[in-house]
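Based on what follows, work out the 3D shape:
(2 chains)
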2 protein chains.
Amino acid sequence: VSGRVVIIAADRAGRPNDFPVPGALTGGRPAECPFCPGNEAATPPEILRVGDGARWRVRVVPNRYPALAPDGGRPVSDPAAVTTRPAAVGVHEVTIEGPDHQGHPAAWPPEVLGEVLGVYRLRLRALAADPRLAYAIVFKNHGAGSGATLAHPHAQLMGLTFVPELPAREIEGARRHTAATGRCLWCDAIRDERAAGERLVAEAGGLVALVPLAARFPFETWVLPARHQERFEDSSPDDLVAVAAMLGDVLRRLGAVASDPPFSWVLHTAPLGPGAAVGFHWHFEIWPVVTRVAGFEWGTGVFVNPMRPEDAARRLRTAAPTRRR
Amino acid sequence: VSGRVVIIAADRAGRPNDFPVPGALTGGRPAECPFCPGNEAATPPEILRVGDGARWRVRVVPNRYPALAPDGGRPVSDPAAVTTRPAAVGVHEVTIEGPDHQGHPAAWPPEVLGEVLGVYRLRLRALAADPRLAYAIVFKNHGAGSGATLAHPHAQLMGLTFVPELPAREIEGARRHTAATGRCLWCDAIRDERAAGERLVAEAGGLVALVPLAARFPFETWVLPARHQERFEDSSPDDLVAVAAMLGDVLRRLGAVASDPPFSWVLHTAPLGPGAAVGFHWHFEIWPVVTRVAGFEWGTGVFVNPMRPEDAARRLRTAAPTRRR
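Next comes the predicted model:
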């Protein structure tokens, strides 16, 4: 009816009443946490390890309950002949972002978070070599209420055989702008936002943090490179330290204005494959979980944001981000 | 960038740190509840009352914290010259669905819920007379975790100056099908689903309940009239009792399979205005809140449903819905 794409990942929920309380975190104590040092055997076999042996700093493992799998399970031919549901082929990995169970990226030095971002970059590049994949997305849910099910800091990477709706709409919007003007939509928007200033949050190290014009959530903030750069994966190690410094700064500002909230971030980079990047401009989208989306949003696709983006930006801009301990 | 529509409703959040804990319900005790009998003065002046004086059965009042207002506030000309943000003109009402603070629609006799649905219909018809409005949507969040902020049973009605994205996509999908086949997409789907049976939940009183092919949430269920009917508002009083019986049946089944979960429902009916209904087929979408949507969904627009629609339908079909007390 609507062209909606849903990944049916039935292996994630086998038994009746196996839904955890939404928002509850499991693996609360390090001894029970599959991501803590000493419990490495609790994860599927490792894809990548940064650091020496038991003293690792970052690990990448397959998601134990993948929404997508390399073999994709079986395609489902629909008895109602409405459609055939293709196999859910793809990649679903977890990046364990450090050994510290209680760690918080707002507290990490830029070099530490920069090393984590380097692992994002490494895995994105690895997925680019898989000809079946069209897009890869990195996202992170942190804290009870964010959608995370484990407390230990981690991000997820999904490699998809299609470009999903929201990046595809961004790409199409940018393509139209470039066709009309010959310029990058994002570069133009950054220029205008810097000139106006009222939705700017911070600028440093070649990066801009701003509240987008049509923010869905209070304090939603985007971090973009000020100069045109299509793929996050093209960032240099120095670039990544600057990105990490800006992400940490934004997280500390969010912590100051919204009482250390749960948060999510998502990285939008250009689609995989040669030629697919034209006109894109990578960015992180970050938001604290301070409101709840419900019937209206699910029924209309329209969001209600109870905070003017200009007010959110002013509060974030003037916040005194204190160093998290 | 993406064509996303966001309603900026800044009057809903004035002060810093005024965000309630997501999912917490206020007005927990009847004495503090603005929707309880005796507290009628706590709501804005009433639009509609069913029943006599203090012994009312249903009330409709303006939302005290409207996301949209008849005068819409002021349009915002963007200093960055990116765009001008139009005024958020519209209607935002609350239907108080009964005097009982602890009431649950799963427990209401069809005549009681049918009377509530009759109020939905009445207000939808009233909004159709406002030439500024293009669409009206009724939605309901029930229970802590559903997005409801008040415990007392209520629904919301929003009248919009535009057809929002999700109904618009349904209308466009149906239009394409009708252009290709001359038939209603929904009627064809209902015929196919009845023939196949595996996503059917229940059939009664001229209504069909089924789990949609691309369900976003576990146990998401749609209730549609089996015969072609474009507008919910065209339902007769007898029709409404049958719809109420089916909604109650679905809610009791959800209660049986998912331990009396918080839930939402949304009514999709045809757009307002003569001629706008062609090809539409009204339906309720109902889902229990048993999973949490997070970074992946907000970053991609793609949903991960951990339950096959066929499994959800089988469990709902074979559930023994017990009468709620």
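
to the chain's geometric centre, what's the distance from the longest helix along chain A?
Counting residues, the longest helix in chain A under DSSP state H turns out to be helix A:237-257. Mean-position distance between helix A:237-257 and its chain equals 14 Å (CA atoms, centre = their mean, to the nearest Å).

how far is the next helix or strand after that helix from where the chain is centred?
Next in sequence after helix A:237-257, counting helices and strands by DSSP states H and E, comes strand A:263-268. Counting by CA atoms, centre = their mean, strand A:263-268 is centred 3 Å from the centre of its parent chain.

Note down every partner strand of strand A:263-268 and its orientation.
The strands beside strand A:263-268 in its sheet (DSSP bridges) come out as strand A:135-142 (antiparallel), strand A:283-288 (antiparallel).

Give the buried residues for the longest one.
Judged by neighbour count using 16 or more other CB atoms under 10 Å in any protein chain shown, the buried positions of strand A:135-142 are A:Y135, A:A136, A:I137, A:V138, A:F139, A:K140, A:N141, A:H142. No exception for glycine: its C-beta is placed from N, CA and C like everyone else's.

right, and the first one touches A:G273 too?
It refers to A:Y135. No - judged on CB atoms under 8 Å, A:Y135 makes no contact with A:G273 at a distance of 9.2 Å.

which residues of the stretch 51-200 of chain A fall in strands?
With strands called from DSSP state E, counting those that start in this stretch, the stretch 51-200 of chain A shows them at A:55-62, A:76-77, A:84-85, A:90-96, A:135-142, A:154-160, A:200-204.

could those strands go into TSV alongside mean pLDDT?
Below are the strands of the stretch 51-200 of chain A laid out as TSV (pLDDT from 0 to 100):
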stretch	mean pLDDT
strand A:55-62	96
strand A:76-77	64
strand A:84-85	68
strand A:90-96	96
strand A:135-142	97
strand A:154-160	97
strand A:200-204	97
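
closest to A:F280 out of those?
With CB to CB as the measure, strand A:135-142 is the member of these nearest A:F280 (11.1 Å).

Residues touching the closest one, excluding its own?
Residues outside strand A:135-142 that contact it (CB atoms under 8 Å, 6 or more residues apart in numbering or on different chains): A:91, A:95, A:104-105, A:120, A:123-124, A:127-128, A:147-148, A:153-160, A:162-164, A:167, A:262-269, A:271-272, B:294-296, B:299-300.

hang on, the earlier thing: pLDDT on the longest helix of chain A, on average?
The average pLDDT for helix A:237-257 rounds to 97.

Tell me which residues of that helix come out buried.
Buried residues in helix A:237-257 (16+ other CB under 10 Å): A:239-257.

The stretch 51-200 of chain A against chain B: which residues are in contact?
A:67, A:78-83, A:85, A:137, A:139-141, A:145-148, A:156, A:158, A:160, A:164-167, A:169-170, A:173-174, A:185-186, A:189, A:192-193, A:195-196, A:198-199 (CB under 8 Å from any CB of the partner chain).

Just the buried ones from those residues?
A:67, A:78, A:80, A:85, A:137, A:139-141, A:145-148, A:156, A:158, A:160, A:164, A:166-167, A:169-170, A:173-174, A:185-186, A:189, A:192-193, A:198-199.

Restricted to helices, list these.
A:L166, A:P167, A:R169, A:E170, A:G173, A:A174, A:L185, A:W186, A:A189, A:D192, A:E193.

With pLDDT added, can I get these in TSV?
Listed next are these as TSV, based on pLDDT from 0 to 100:
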residue	pLDDT
A:L166	96
A:P167	95
A:R169	95
A:E170	95
A:G173	93
A:A174	92
A:L185	94
A:W186	95
A:A189	94
A:D192	93
A:E193	94
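
For the residue in the stretch 101-250 of chain A positioned nearest to chain B, what are phi and psi?
Closest contact between the stretch 101-250 of chain A and chain B, by CB to the nearest CB, is at A:G147 (2.3 Å). Note on A:G147: its backbone torsions stand at phi 110, psi -10 [degrees, to the nearest 10].

still on that earlier bit, near chain B, from the buried residues of helix A:237-257?
A:V257.

pretty sure A:P34 is touching A:A42, no?
Yes - here A:P34 reaches A:A42: they are 3.7 Å apart, a contact under CB under 8 Å.

So for these two, which residue has more residues nearby?
A:P34 (19 against 14; other CB atoms under 10 Å in any protein chain shown).

So in chain A, where's the weakest helix or strand by average pLDDT?
The weakest-scoring helix or strand in chain A, judged by mean pLDDT, DSSP states H and E, is strand A:76-77 (a mean of 64).

mind listing what's buried in stretch A:106-115?
Going by 16+ other CB under 10 Å, stretch A:106-115 has these buried residues: A:A106, A:A107, A:W108, A:P110, A:V112, A:L113, A:G114, A:E115.

ok, the closest residue to A:G147 other than its chain neighbours - how many residues close by?
Leaving aside its sequence neighbours, A:G147 sits nearest to B:A294 (CB to CB, 6 or more residues apart in numbering or on different chains; 2.3 Å). By other CB under 10 Å, 22 other residues sit near B:A294.

doesn't A:T149 make contact with B:A294?
No - with contact taken as CB under 8 Å, B:A294 and A:T149 are classed as non-touching, separated by 9.5 Å.

Dump stretch A:254-270 to CSV, restricted to CA.
Taking C-alpha atoms only, stretch A:254-270 is exported to CSV below (Å, rounded to 0.1, in the frame of the first residue of the first chain):
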residue,chain,number,x,y,z
LEU,A,254,23.0,17.5,25.9
GLY,A,255,23.9,16.2,29.3
ALA,A,256,23.9,19.8,30.7
VAL,A,257,20.5,20.8,29.2
ALA,A,258,18.6,17.5,29.6
SER,A,259,20.0,15.9,32.7
ASP,A,260,22.2,13.2,31.2
PRO,A,261,19.5,11.7,29.0
PRO,A,262,19.6,8.4,27.1
PHE,A,263,20.5,9.2,23.5
SER,A,264,20.9,7.8,20.0
TRP,A,265,23.1,8.7,17.2
VAL,A,266,23.1,7.6,13.6
LEU,A,267,25.6,8.2,10.8
HIS,A,268,24.4,9.0,7.4
THR,A,269,27.1,8.5,4.8
ALA,A,270,26.9,8.1,1.0
